[in-house]
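[1] After the sequence you'll find the predicted model.
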Amino acid sequence: MGKTIRLTTAQALVKFLNQQYLSVDGVETPFVKGVFNVFGHGNVLGIGQALEQDPGHLEVIQGKNEQGMAHSAIAFSKQKRRREIFAVTASAGPGSANMLTAAATAFANNIPVLILPADTFATRQPDPVLQQLEVEHDGSMTTNDAFKPVSRYWDRVQRPEQLMTSLIHAFEVMTNPMTAGPATVCISQDVESEAFDFEESFFQKRVHYLDRHEPTKREFVGAAKRIKESKRPVMIVGGGARYSDASAELRELSELCNIPLVETHAGKSTVSAAFKNNLGGTGILGTSAANKAISEADLIIGIGTRYTDFTTSSKTAFDYEQTKFLNINVNRVQTYKFDAFQVVGDAKVTLAGLIPLLKGYTTAFDNSLTEWKEAWQTERTRLHNVAFNRANFDPEIKDQFTQEVMNEYADALNTEFTQTDAFITINDIVADDSIAIASAGSLPGDMQRLWDPIVENTYHLEYGYSCMGYEIAGAVGARIAHPNQEVYAMVGDGSFLMLHSELVTSIQYNKKINVMLFDNSGFGCINNLQMENGSGSYNCEFRTVDNQIMNIDYAKVAEAYGAKVYRANTREELIAALEDAKKQTVSTLIEMKVLPKTMTDGYDGWWHVGVAEVSEKESIHEAYEKKEEKLKKAWKY
């Protein structure tokens, strides 16, 4: 036995968090930046007391909603390329349950965050306590068992000494690129305050090494062989390439061999949009240039991608008679997708090793990449200048969304502003190093197609879980990660209503963010989905019981919180608001009333969704038959 120090379990937790470091490429930094909290029964007298007594270097930030603060923690880690984290703690019962959605968001995106939900009593002496579920068939079950399926690591600490093993396991998982994701450590509330003689060695500086896994010689040789045998290979840049910081290697290989780059939602801004061979987002929300390259590819090189349905157009984007797959990923499971040749390795190291093996090789694309990119930029300019026409606006949507309805929206919202015009205007006016964030609704489509990030690591789309309400909370986390860069949260009115509480946190802690609120008075994305598949416009518009379109003054809400607000319903008003917002030191909100059905769509993407097989509407029958026909071209496993 070595020397010991007597601490409560919560005090030991805080002391341990202060001593965790991550080493990447020889650079060593503290791994835990701080703790987001909403204190309540179950954690205020344990973890709260420990943080009040001695937080060390940890930045302690009071959240306003448990899900919101956890999303801020996720966004922080994502912007830091998973090399630094926040912990989040909430009270027992509903407070902790509120973090479940965020845990799932972190899990789907492979983002490390330490979740510390308060638990019931280990002694069970006062059971059932306030906010405890009383489960008749299992006395050990609590709300926190719900975290098991949405955690990469889960444990319940019911004795102080259990904390040591639990935390070491949790940090191994969070610092391992193959398993990165949320670690949940539930601590019984009586145990949080219970004292124990902890070994001093447990609190010594602990360095976790992010060593870059190098593929075997067999994998290098096999990968190079398959690339050389192909004529039109395309590299899909996924989140793994971004977290690996593989930008230089991607550009070098692309230029050396004239291989185009297309991007997933997580991979976008790994390489600047200005790079000549970067054709932009691919898949359902992809550009015409990227989707054209994919359609002609005879080899897909997936780099750090999970091949989600939006990336693959529900597995219909590829010509399986001519296209083969080569997957590079730190996670072996991901390399097996599409029956690919598997290369298990870090993206940066793998690409660096492939470059010398491919000297002298060039693709058959010739000038096509330049032509496709120029054609997309022409289309982007057209979308910027599309104007609403009261007499002849054709949204190409059936049933209720007629010219009359579009005019009704223009009158109710007092606007003729199109969403694409507003969106591209923002991209053109903000500084190149600004960070843009979005998550759900129709805005991710505009983000993936239209947003051109010039500076790397400035595009932040949470689309692994597409969680409404992430945008504003995520902007707070991104601002904490990059305090000298402007952050813009692209959010629809539907998502704003879901969760905007961390706007208050941004003001409270002087973490300036800019909220770009696109208001089309409804859940526009889902309204598009139902109508494009034969249904009518049903229960997705924001209308009163007497069928009047709601015109909500969201700017007043933000103004009441203390934000600087603007209302902009024209391009000129938006430019003026953006320029003035740059001068502010407090968080801002720009409310834009935009017309529905004026977002981007098409470009050969397709989404497999469940269309009713039986219906009284012929339009739904037609949609079902189209779905069945499309599925004939889809990958089957």
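    All right, it came through fine. Residues are numbered from 1 along each chain as shown.
[2] contacting residues for the residue lying closest to V237 once chain neighbours are set aside?
    Using Cβ to Cβ, 6 or more residues apart in numbering and skipping residues adjacent in sequence, the residue nearest V237 is G267, 3.9 Å away. The C-beta positions use only the backbone N, C-alpha and C, and glycine is treated the same way. G267 is in contact with 236-242, 303-305, counting by Cβ atoms under 8 Å, 6 or more residues apart in numbering.
[3] Inside strands: which ones of the residues you listed?
    236-237, 303 (DSSP state E).
[4] Please tabulate the residues you listed in a markdown table and include neighbour count, distance to L253 and pLDDT as additional columns.
    A markdown table is the format used below for the ones in strands among the contacts of G267 (neighbours: other Cβ atoms under 10 Å; distance: Cβ to Cβ, whole Å; pLDDT from 0 to 100):
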| residue | neighbour count | distance to L253 | pLDDT |
| --- | --- | --- | --- |
| I236 | 27 | 13 | 98 |
| V237 | 29 | 11 | 98 |
| I303 | 30 | 10 | 98 |
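[5] of the residues you listed, closest to I507?
    Of all the ones in strands among the contacts of G267, V237 has the smallest distance to I507: 35.8 Å, by Cβ to Cβ.
[6] Next up, the contacts around that closest one.
    250, 261-264, 267-268, 270-271, 303-305.
[7] Just send those back as CSV, with distance to A352 and secondary structure too.
    Conversion of the contacts of V237 to CSV gives the following (distance: Cβ to Cβ, whole Å; DSSP: H, G, I helix; E, B strand; the rest coil):
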residue, distance to A352, secondary structure
L250, 10, helix
L261, 16, strand
V262, 21, strand
E263, 20, strand
T264, 21, coil
G267, 18, coil
K268, 22, coil
T270, 15, coil
V271, 15, coil
I303, 12, strand
G304, 14, coil
T305, 19, coil
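[8] from the residues you listed, which would you call buried?
    For the contacts of V237, a burial check counting by 16 or more other Cβ atoms under 10 Å picks out 250, 261-264, 267-268, 270-271, 303-305.
[9] picking up where we left off before, list just the nearest of the contacts of G267 to Q377.
    For those, the residue nearest Q377 by Cβ to Cβ is V237; the value is 19.3 Å.
[10] Okay, that closest one and V185: tell me how far apart.
    34 Å (Cβ to Cβ, to the nearest Å).
[11] just E591 next, same as before
    Going from E591 to V185 by Cβ to Cβ gives 41 Å.
[12] same deal with A118?
    Shown here: A118 relative to V185, a distance of 11 Å by Cβ to Cβ.
[13] Tell me which of the two has more neighbours.
    A118 (29 against 25; other Cβ atoms under 10 Å).
[14] Surely that one and S91 touch.
    Yes: between A118 and S91 a contact is recorded at 5.3 Å, counting by Cβ atoms under 8 Å.
[15] shared neighbours, those two?
    By Cβ under 8 Å, 6+ apart, A118 and S91 have these common neighbours: 40-43.
[16] Check those for burial and list the buried ones.
    40, 42-43.
[17] closest to T9 among these?
    Top of the list for closeness to T9, among the buried ones among the shared contacts of A118 and S91 and by Cβ to Cβ, is N43 at 11.7 Å.
[18] how about the closest one, secondary structure?
    coil (DSSP: H, G, I helix; E, B strand; the rest coil).
[19] what's the closest non-adjacent residue to it?
    Closest to N43 by Cβ to Cβ, 6+ apart is A118, at 4.1 Å.
[20] before we move on, back to that, and the furthest pair within the buried ones among the contacts of V237?
    V271 and T305 (14.2 Å).
[21] What are the neighbouring residues in contact with the nearest residue to G93 once chain neighbours are set aside?
    Of all residues not flanking G93 in the chain, Q131 sits nearest, at 2.7 Å (Cβ to Cβ, 6+ apart). Q131 sits next to 41-42, 91-95, 143 when contact means Cβ under 8 Å, 6+ apart.
[22] and if you look at D446?
    With contact set as Cβ under 8 Å, 6+ apart, D446 has these partners: 419-420, 423, 490, 599-600.
[23] Please state the backbone phi and psi of it?
    Note on D446: its backbone torsions stand at phi -70, psi -40 [degrees, to the nearest 10].
[24] Do you know the pLDDT at the residue nearest to it when sequence neighbours are not counted?
    In space, and not counting its chain neighbours, D446 is closest to F423: 4.7 Å by Cβ to Cβ, 6+ apart. Predicted confidence (pLDDT) at F423: the value is 97.
[25] ok, F423 to G280 distance?
    14 Å.
[26] Would you mind telling me which of those two has the busier surroundings?
    F423 (30 against 27).
[27] residue contacts, that one?
    F423 touches 443, 446, 450-451, 490, 518, counting by Cβ under 8 Å, 6+ apart.
[28] give me that answer again for 10 Å
    383-384, 436, 438, 442-443, 445-447, 449-451, 490, 516, 518, 592, 594, 598-600 (Cβ atoms under 10 Å, 6 or more residues apart in numbering).
[29] Counting only strands, which of these make the cut?
    Going by DSSP E, the strands hold 436, 438, 490, 516, 518, 592 from these.
[30] which stretches of the chain have low pLDDT?
    1, 393-400 (pLDDT under 70).
[31] Can you pull the domain assignment for it?
    Domain segmentation of the chain under automatic domain parsing yields 4-209, 217-324+351-377, 386-593.
[32] Strands of the stretch 351-500 of the chain, start to end?
    Applying DSSP state E, counting those that start in this stretch to the stretch 351-500 of the chain gives strands spanning 435-438, 459-461, 487-492.
[33] So which of the contacts of D446 belong to helices?
    Using DSSP state H, 419-420, 423 are the members of the contacts of D446 that sit in helices.
[34] Identify the single longest helix in the chain, thanks.
    helix 368-384.
[35] name the helices or strands packed onto that helix?
    strand 278-281, helix 288-296, helix 419-429, helix 443-450 (3 or more Cβ pairs under 10 Å, 6 or more residues apart in numbering; DSSP states H and E).
[36] partners of the first one in the sheet?
    Here strand 278-281 is paired, per DSSP bridges, with strand 261-263 (parallel).
[37] quick one on the thing from earlier: now, the most widely separated pair of the shared contacts of A118 and S91?
    H41 and N43, at 8.0 Å, using Cβ to Cβ across the shared contacts of A118 and S91.
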